[in-house]
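Participant: This is a predicted model, with the sequence first.
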Number of protein chains: 2
Amino acid sequence: METKNDKPYAQREKVYLNGNIYPDIRVGMQRVNLTPTVTVKDGKRCVSPNAPVLIYDTSGPFSDPAIQVDLKKGLPRMREPWIIARGDVEQLDGPTSDYGRMRRADASLDHLRFEHIALPYRARAGKQVTQMAYAKAGIITPEMEYVCIRENMNCAKLGIQSHITPEFVRQEIAAGRAVLPANINHPESEPMIIGRKFLTKINTNLGNSATTSSIEEEVEKAVWSCRWGGDTLMDLSTGQNIHETREWIIRNSPVPVGTVPMYQALEKVEGRVEALNWSVYRDTLVEQCEQGVDYFTIHAGVRRKNIHLADKRLSGIVSRGGSIISKWCLLYDRESFLYEHFDDICDILSQYDVAISLGDGLRPGSIYDANDEAQFAELDTLGELVVRAWQKNVQAFIEGPGHVPLHKIRENVERQVIACHDAPFYTLGPLVTDIAPGYDHITSAIGAAQIGWLGTAMLCYVTPKEHLGLPNRDDVRTGVITYKIAAHAADLAKGHPGAMVRDNALSKARYDFRWRDQFHLSLDPDRALEYYKEGKHEDGEYCTMCGPNFCAMKLSRDLATLNK
Amino acid sequence: METKNDKPYAQREKVYLNGNIYPDIRVGMQRVNLTPTVTVKDGKRCVSPNAPVLIYDTSGPFSDPAIQVDLKKGLPRMREPWIIARGDVEQLDGPTSDYGRMRRADASLDHLRFEHIALPYRARAGKQVTQMAYAKAGIITPEMEYVCIRENMNCAKLGIQSHITPEFVRQEIAAGRAVLPANINHPESEPMIIGRKFLTKINTNLGNSATTSSIEEEVEKAVWSCRWGGDTLMDLSTGQNIHETREWIIRNSPVPVGTVPMYQALEKVEGRVEALNWSVYRDTLVEQCEQGVDYFTIHAGVRRKNIHLADKRLSGIVSRGGSIISKWCLLYDRESFLYEHFDDICDILSQYDVAISLGDGLRPGSIYDANDEAQFAELDTLGELVVRAWQKNVQAFIEGPGHVPLHKIRENVERQVIACHDAPFYTLGPLVTDIAPGYDHITSAIGAAQIGWLGTAMLCYVTPKEHLGLPNRDDVRTGVITYKIAAHAADLAKGHPGAMVRDNALSKARYDFRWRDQFHLSLDPDRALEYYKEGKHEDGEYCTMCGPNFCAMKLSRDLATLNK
């Protein structure tokens, strides 16, 4: 039953579940086919089968042996027929941003350019094309049914009751409690949902900086992060050729892509904060909307009057976007153009269904600064802004810290829920101590599991290189797996329907000494197998940890005969 | 001010604090001497010094450049004068256990034997030599003042109030709420304390199994684990030459050493559980007491009537000691000799001040089995036994799980506190999910931080090899650092006096771009430096993560000038 496949999904099988409302939807997932449990009772060999386990799959077509992905052509445009069928978008004859047109016309970029750029879509005049608009209008979109199937994967076969129905998905999106990021210009993206009543999601950060990394590396890391389990990815490039790098990433990304448009805006004015203005920022938004970015981090919550609150801090402002816009506000001694043009921003985003991730420009950067006045003042502003986004049918979520000791995490979440009217929370970690650079994937996974359990909808991963340098491929893998652990720990604690199925199957495989099954069910089968093999023992009913005479599981199974 | 020193303590300085009650006590610790903060204000260079930070140090003489440790001779016997001065012990003319005498007489072992074995001490008839006995008698021992100084390290200089006084230490030990493991035959050990009102401690497990590892490797790993921060270490050897390996480890261990005597007892009867009996077990206890083991894990809480409760489980009994004694109980259909001879055990241990770690033989081995009837039934028995231990002045703590999802951790701790009358809790993790073999240091650190915050006194580390094989040196380092993180996160959340000093100093160094100071303050300076260097950037005010133009901290510091 197992298909030949590339690592890391060797020995797993790509399968699809179809929709009911939309029978042509095919939701991809991984099926782990298990070997039977074999026991010997009274001299008789007893074979009992083990049901296959379905695993949530963010790798898209990359793990389907039937699809040959050509990075130069990009992924299949799965959602395009759904988008067109709604009859509310028009196809433009090219980018409408000044910058997009300029880059397109620049022949010197031809060698860098993704070859098959489609013409962008935009809402027809007077039409509302966001998932939130549809949800409020009572429409269950294919995207909504898709995420419902994905979230409930193991429920139907095992008879597990789930609160998640297509109608429930619609209600959560309509109320702003969940976000389904789905830019109409990123039809390659497989629908997923971010909300506290759904599976906890993880985001990975990628992107070059001025000092290192190339397009190839970034695309490779993007694909790599999806294969290991990243639910969304943010392209935080700040170096050369941001526009072209992003095109490559989006065209090959089966998951939603986020950016911080301010980074590119600042590059456009050669890093001079004083040269930033609404015009260059606005053009950047349009440029990225038309490329297919699914959500933007926008630090519109940094108010002129609140910046001084960071003066009392040990580590000031540690958000890149936050520090840029704070500097702008102080230079001109006025409210930021992000705050002043917030409604204009929403008007642009609503034409493409780009979601807003309301950035926490004043998030704490150390344990000392956690839960301080600066952070909470900004949170209140984010609460005002999220309501304004919803009024324009723009989907929105709220970014959070950062660095918070364990005992202050609950307050952080509870204030966010109230201040931001149940909008989804999206946090970076938080790190629960500052003393372990080189291990901040772990310091932050501790906080992430805790804050996820308390209802945070998406966790932004942290790699071992945090605070020290740009992550490489190995760091991305470690960061993703670490955050899959934190998210899954949260899902178990929240009681997400079916979350325990995988734990139970793996533990049964472990108890049965079905080693291969145990590895195939694990988050990182390659790593588990590698460590197991290091022991150099023969394949048998023990590992080098305890040796043959001290294996508790073996002894425990022997008890079954004695206990009768 | 920085001394030349071996890794991993390069650039740190070994310093000693003296006692007040006992002025000759010298408590070793690491001092990180920091460079000053340099700022430029209105064209003037302003230099302000940063106070040094003291770091709790488990590495003993190994990090003191003034002491040349010879592994063949063992460490200085620091506590021996204190023990002798109390006038309540006698020095024996050799081991009193049959096995100890036999090994001593066996010339074929000469090439393996530690050369400088001292004659063992034992309490003189009618004398009580445990720290608990002294505490109940109102005596503050040098050991008690030692731990008090260690726990309060950074308080005095910074004017931080601490609840921990020598008298408080005495009271906690007298009440059984804290344990100070201090076998009179392990005078090389530096006193430390295990209790919920003190710093959260971590234990590392070492030891060979039948399939792998040598004496040299195990001693090297023991020293290595102390250098990285292990507070105690358990020698869980089950292979060849357990007796001799242990001697080498104890003589070179500056931290308390624990064992599970059942493992060696089983080796003595060639792995045949049916051949186990009180006589061989008793002899093993005496043998190990006289070698200097500081605490024994004893699975006396497994009652014949409760074993069947594990039948309902997904993964049965996963404690090695638990499965061995369960098998014995079922084979003979009777109560275990550990339970029946519990008072005899305590009588032996009290003569050497060996503490009991009441083993959780029925701890859950999977998320599915967490907090079940089997575990809690055993916990109630442990509660009975701990009172019996205290009646004999034997110090005791209680072992705990294992595998527990986040939302069930609190119940686990609260039941332990009540059932076991506030005796310290010592848990393995717990792992908060089963699906990540190869990363169980992380799955368990999430649970460990949580359970530590709730008051668990000591956390048994888990390495990346858990469930897969025996850890190597690198795994030990990763496991120790991961658990230092969990323990420190718990200490911050518990509000341990002075715990935040190190976080604050590191974050200030980070904000000041004092990179070297940041690394020296971190849990693993070598790793942090290695990652930083990978970026290959020039030494300056940024790292490759964001590049020079996007460093938030740099921007944030610039704001100081604008904000006036």
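Facilitator: Yep, it's here. Numbers count the residues shown, from 1 in each chain, chains lettered A, B, ... in the order given.

Participant: Which elements pack onto the lowest-mean-pLDDT helix or strand in chain A?
Facilitator: Every helix and strand in chain A was compared by mean pLDDT, DSSP states H and E; the lowest is helix A:552-562, with a mean of 72. Helix A:552-562 is packed against helix A:500-511, helix B:320-332, with contacts defined by 3 or more CB pairs under 8 Å, 6 or more residues apart in numbering or on different chains; DSSP states H and E. (C-beta placed from N, C-alpha, C; glycine too.)

Participant: How about it, which residues are buried there?
Facilitator: A:552-559 (16 or more other CB atoms under 10 Å in any protein chain shown).

Participant: What of stretch A:44-51?
Facilitator: Buried residues in stretch A:44-51 (16+ other CB under 10 Å): residue A:50.

Participant: Briefly note if that stretch comes near chain B.
Facilitator: No - Stretch A:44-51 is not in contact with chain B by CB under 8 Å from any CB of the partner chain; minimum separation 12.4 Å.

Participant: Next: stretch A:143-161.
Facilitator: No - judged by CB under 8 Å from any CB, stretch A:143-161 makes no contact with chain B; its nearest approach is 13.0 Å.

Participant: how distant is that stretch from the center of its chain?
Facilitator: Relative to the centre of its chain, stretch A:143-161 is centred 19 Å away, using CA atoms, centre = their mean, to the nearest Å.

Participant: quick one: average confidence on that stretch?
Facilitator: The pLDDT scores in stretch A:143-161 average 94.

Participant: Also stretch A:34-54?
Facilitator: On average, stretch A:34-54 scores 91.

Participant: Just the terminal-to-terminal distance for that stretch.
Facilitator: Distance between the two ends of stretch A:34-54: 11 Å, counting by CA to CA, to the nearest Å.

Participant: Can you list the residue ranges for helices in the stretch 1-150 of chain A?
Facilitator: A:80-85, A:98-105, A:131-136, A:142-151 (DSSP state H, counting those that start in this stretch).

Participant: Also the stretch 451-564 of chain A?
Facilitator: Under DSSP H, counting those that start in this stretch, the stretch 451-564 of chain A gives helices at A:473-494, A:500-511, A:515-521, A:525-534, A:552-562.

Participant: Kindly reformat these as TSV containing distance to residue B:192.
Facilitator: TSV is the format used below for the helices of the stretch 451-564 of chain A (distance: least, CB to CB, whole Å):
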stretch	distance to residue B:192
helix A:473-494	30
helix A:500-511	34
helix A:515-521	37
helix A:525-534	31
helix A:552-562	29
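
Participant: Where among those helices is average confidence lowest?
Facilitator: helix A:552-562 (a mean of 72).

Participant: Could you tell me the angle between that helix and helix B:320-332?
Facilitator: Here helix A:552-562 runs at an angle of 20 degrees relative to helix B:320-332 (axes from the mean of the first three to the mean of the last three CA atoms, to 10 degrees).

Participant: quick one, phi/psi of residue A:410?
Facilitator: The phi/psi pair for residue A:410 (degrees, to the nearest 10) reads phi -60, psi -50.

Participant: Surely it is in contact with residue A:456?
Facilitator: No - counting by CB atoms under 8 Å, residue A:410 sits too far from residue A:456 to count as a contact (11.3 Å).

Participant: More neighbours: which of the two?
Facilitator: residue A:456 (29 against 14; other CB atoms under 10 Å in any protein chain shown).

Participant: ok, the more buried one - contacts?
Facilitator: A:196, A:200, A:400, A:413, A:425-427, A:448, A:490 (CB atoms under 8 Å, 6 or more residues apart in numbering or on different chains).

Participant: Quote the end-to-end distance of stretch A:32-42.
Facilitator: By CA to CA, one end of stretch A:32-42 lies 31 Å from the other end.

Participant: What are the contacting residues of it?
Facilitator: Contacts of stretch A:32-42 (CB under 8 Å, 6+ apart): A:1-2, A:11-13, A:45-55, A:505, A:508-509, A:512, A:514, A:516-517, A:520-521.

Participant: From these, list just the buried residues.
Facilitator: A:11-13, A:50, A:52-55, A:505, A:508-509, A:512, A:514, A:517, A:520-521.

Participant: Check these against residue A:436 and report the nearest one.
Facilitator: The closest of the buried ones among the contacts of stretch A:32-42 to residue A:436 turns out to be residue A:521 (CB to CB; 29.8 Å).

Participant: Give the helix, strand or coil label for residue A:203.
Facilitator: Classification of residue A:203 using DSSP: H, G, I helix; E, B strand; the rest coil returns strand.

Participant: Can you verify my assumption that it contacts residue A:462?
Facilitator: No - shown here, residue A:203 and residue A:462 do not form a contact pair, counting by CB under 8 Å, at 10.6 Å.

Participant: who has more neighbours, these two?
Facilitator: Neighbour count, other CB under 10 Å: between residue A:203 and residue A:462, residue A:462 has more, with 29 against 24.

Participant: Not counting sequence-adjacent ones, nearest residue to that one?
Facilitator: Excluding its sequence neighbours, the residue lying closest to residue A:462 (CB to CB, 6 or more residues apart in numbering or on different chains) is residue A:444, at 4.1 Å.

Participant: so how far is residue B:515 from that neighbour?
Facilitator: Separation of residue A:444 from residue B:515 (CB to CB, to the nearest Å): 21 Å.

Participant: Between the two, point out the one with more neighbours.
Facilitator: The neighbour count for residue A:444 versus residue B:515, taken as other CB under 10 Å, is higher for residue A:444 (32 against 19).

Participant: In CSV, could you pull the C-alpha coordinates for the host helix or strand of the more buried one?
Facilitator: Residue A:444 belongs to helix A:440-453 when assigned by DSSP states H and E. The C-alpha trace of helix A:440-453 is given here as CSV (Å, rounded to 0.1, in the frame of the first residue of the first chain):
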residue,chain,number,x,y,z
ASP,A,440,15.7,29.7,21.3
HIS,A,441,13.6,27.3,19.3
ILE,A,442,13.3,25.5,22.7
THR,A,443,12.9,28.5,25.0
SER,A,444,10.1,29.7,22.7
ALA,A,445,8.5,26.3,22.1
ILE,A,446,7.8,26.1,25.8
GLY,A,447,6.0,29.5,25.6
ALA,A,448,4.3,28.6,22.3
ALA,A,449,2.8,25.4,23.6
GLN,A,450,1.4,27.3,26.6
ILE,A,451,0.0,30.2,24.6
GLY,A,452,-1.4,27.8,22.0
TRP,A,453,-3.2,25.8,24.6
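
Participant: elements contacting that helix?
Facilitator: Using 3+ CB pairs under 8 Å, 6+ apart: helix A:440-453 touches helix A:409-419, strand A:425-428, strand A:458-460, helix A:473-494, helix B:440-453, helix B:473-494.

Participant: now the angle from that helix to helix B:440-453?
Facilitator: Using the same axes, to 10 degrees: helix A:440-453 against helix B:440-453 is 60 degrees.

Participant: now helix A:440-453, how far from the chain's geometric center?
Facilitator: That offset, for helix A:440-453, works out to 15 Å (CA atoms, centre = their mean).

Participant: Okay then, goodbye and thanks.
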